[in-house]
Structures are given as C-alpha cells and as structure tokens.
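> Give me a 3D structure for the following:
(chains A, B, C and D)
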Protein chains: 2
Amino acid sequence: MPGTHDLLFRTLSDPTRRGIFECLCSQGEQTVAALTAQAGVSQPAVSKHLAMLKQAGLVRDRHQGRQTHYSAQLAALAPLADWTNRMAGYWESRFDDLEDLLKRMDQ
Amino acid sequence: MPGTHDLLFRTLSDPTRRGIFECLCSQGEQTVAALTAQAGVSQPAVSKHLAMLKQAGLVRDRHQGRQTHYSAQLAALAPLADWTNRMAGYWESRFDDLEDLLKRMDQ
DNA sequence: ATAATTCATAGCCATATGGTTATGGAATTC
DNA sequence: GAATTCCATAACCATATGGCTATGAATTAT
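Sure, this is the predicted structure:
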C-alpha cells in the first residue's frame, strides 16, 4: 500500500505532533493531561493530534475511568524504515549496474 | 538540530514530491522535463518541488546548457534513519528498565 | 445530588500548501 | 538573428492545516 507511507510521513511531518509521539516513545504511556503539559498547545489541540496519530496506527489508547492513556506503537514505524531502505537499495542497485557496466566495458 | 527533522519530514510528506524523489533514487539523474513527464503535474509545479527538495538537501542540481539535471542525495536521509533508531532505542531502554525492575523485584 | 475533572468534538479563523496559467531569461537550433 | 526549447519565477486561487474557545459527555469526588 502506498497510502500507508502517505499517512505516516504526513502524520509525522508536524513538529508538535511528532513531539507528542516522541514523548510517548521516550516516557511510555501517558494521559492526555500529561501530554498537554509538555506539548505547548491547548488540550483540544493535543486531542486532535492524538486522534491523527491513532489513525496512522502510531499510538494506541486505553480508557480507564475518565482518563485516556496513550502509548506509542513502534511497529507502525516499520514502513518508514522500509521506505528508507528501499531508497538505499535503489542506490546500491544502480551502483551495481554501474559496476557491471564497467566490468563489461573492461572485457 | 531538531529543525533538520522538521524539514525532512515536511519535505517528504507530500506524495508528489516524494514521488519525484523516489524517481530520482530509482532511475538516477534526470532533467526537469523527464521528471515532469512522470510527475503528473505541471512543469512549474515540478520545479517548485525540486526547489524544496534541494533546500532540504535531498537533491543536487547540475546545470548543463539550458537544462538542469537533478540527482538524489541519499545521505540526506540519514537524520530520518537516526530518528527512527532513536525511537526504537527509547523503546528498548524502557524495556531494559522494566527488565531491571523485574530483576530487582525478583530478589 | 452537586460539583469538579478529564477528555473529545464542534465551530471558527489565519495561514500554509500545492496546484494552475502567464511570463521571462538563458541556451540551442534553424 | 529569429525561433524554439528548457527551466524558474510570479501571481493567483482553492483547499488543507493547525491553532483557539466553547461546549458537552462521562466519570469521580464532595
């Protein structure tokens, strides 16, 4: 699915949103209030970012009483790593082609 | 620099722009006309995307006569890989902490 | 019961974004 | 040198985006 990459890159492109995700990665599960305290924007803004992160599969939510706990879903980053590797792979393969070409020319 | 990540994610978040970059990665150096043929948008749009990719360090341009050749700068993806690894690192370190905690509890 | 807390949604607004057409400058070609 | 090609920039437009305040639903505390 190419749409997966779109959603991932798009979701991580906003600094505030990425900050929230980093916060969840580095400090583990957090409530909305705790995240809001560090985000530097209003609570509704944080909730919207969390909704987007959730839609991208980057976070999971767990409801407990009147508070919602969010946690990072690291596995969702896999397509990003795959994409990077694919770009690097293209590079190498073109390099191999060049090498191959040079070999042929050498004969 | 945290701004580096911002620029990178932001630049790669647009599908058309990412498509152009992928094109350069997979097929090597290309002229603006060649890229425009595959991009599905107008030539000025392609030029604008290329300017942004260049500003993010993701591409290099080489002027030859009246045409400009662009090529991917794979090294610019390094911060992206670093960021991903850092997120994974947080995960592992929290896991280690948990492991450590369990060990202590076990005693 | 009533009040207070926690979060999500709704509605609004300013700005950013990506696209288009029009234009112009520089380099080839005729 | 006139015409053409290649690309970048300018000007403009519709929409998307991220922020805010206001509000409401659900839960907990008084």
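> so is residue A:7 in a helix, a strand, or just coil?
helix (DSSP: H, G, I helix; E, B strand; the rest coil).
> what pLDDT does the closest residue to it other than its chain neighbours get?
In space, and not counting its chain neighbours, residue A:7 is closest to residue A:56: 5.0 Å by Cβ to Cβ, 6 or more residues apart in numbering or on different chains. In short, each C-beta sits where N, CA and C put it, glycine included. On pLDDT, residue A:56 comes in at 97.
> Phi and psi next, for residue A:56.
The phi and psi values for residue A:56, taken as degrees, to the nearest 10, are phi -80, psi 0.
> can you tell me how far it sits from residue B:80?
To residue B:80, residue A:56 is 16 Å away according to Cβ to Cβ, to the nearest Å.
> try residue A:50
From residue A:50 to residue B:80 the distance is 23 Å (Cβ to Cβ).
> Those two: who's more crowded?
Between residue A:50 and residue B:80, counting by other Cβ atoms under 10 Å in any protein chain shown, residue A:50 is the more crowded of the two (24 against 21).
> need the contact list for the more buried one.
Residue A:50 sits next to A:20, A:32, A:35, A:59, A:61, A:70 when contact means Cβ atoms under 8 Å, 6 or more residues apart in numbering or on different chains.
> in the helix or strand containing the third one, what's buried?
Here residue A:35 is covered by helix A:32-39, with elements defined by DSSP states H and E. Buried residues in helix A:32-39, counting neighbours by 16 or more other Cβ atoms under 10 Å in any protein chain shown, are found at A:32, A:34, A:35, A:36, A:39.
> just stretch A:56-75 next, same as before
Within stretch A:56-75, judged by 16+ other Cβ under 10 Å, the buried ones are A:56, A:57, A:58, A:59, A:70, A:72, A:73, A:74.
> For residue A:9, which non-adjacent residue is spatially closest?
Nearest one to residue A:9, counting by Cβ to Cβ, 6+ apart, is residue B:13 at 4.4 Å.
> out of the contacts of residue A:50, who's near DNA strand C?
Filtering these for neighbours of DNA strand C using Cβ under 7 Å from any atom of the strand leaves A:32, A:61.
> Which one of the contacts of residue A:50 is nearest to DNA strand C?
Set against DNA strand C, the nearest of the contacts of residue A:50 by Cβ to the nearest atom of the strand is residue A:32 (3.4 Å).
> Do I have it right that that closest one meets residue A:46?
Yes - if you go by Cβ atoms under 8 Å, residue A:32 and residue A:46 touch, sitting 6.1 Å apart.
> thinking again about what came up before, how far away is the residue nearest to residue A:9 from DNA strand D?
Distance, residue B:13 to DNA strand D, by Cβ to the nearest atom of the strand, to the nearest Å: 8 Å.
> so that residue makes contact with residue A:8?
No - at 9.1 Å, residue B:13 does not count as touching residue A:8 under the criterion of Cβ under 8 Å.
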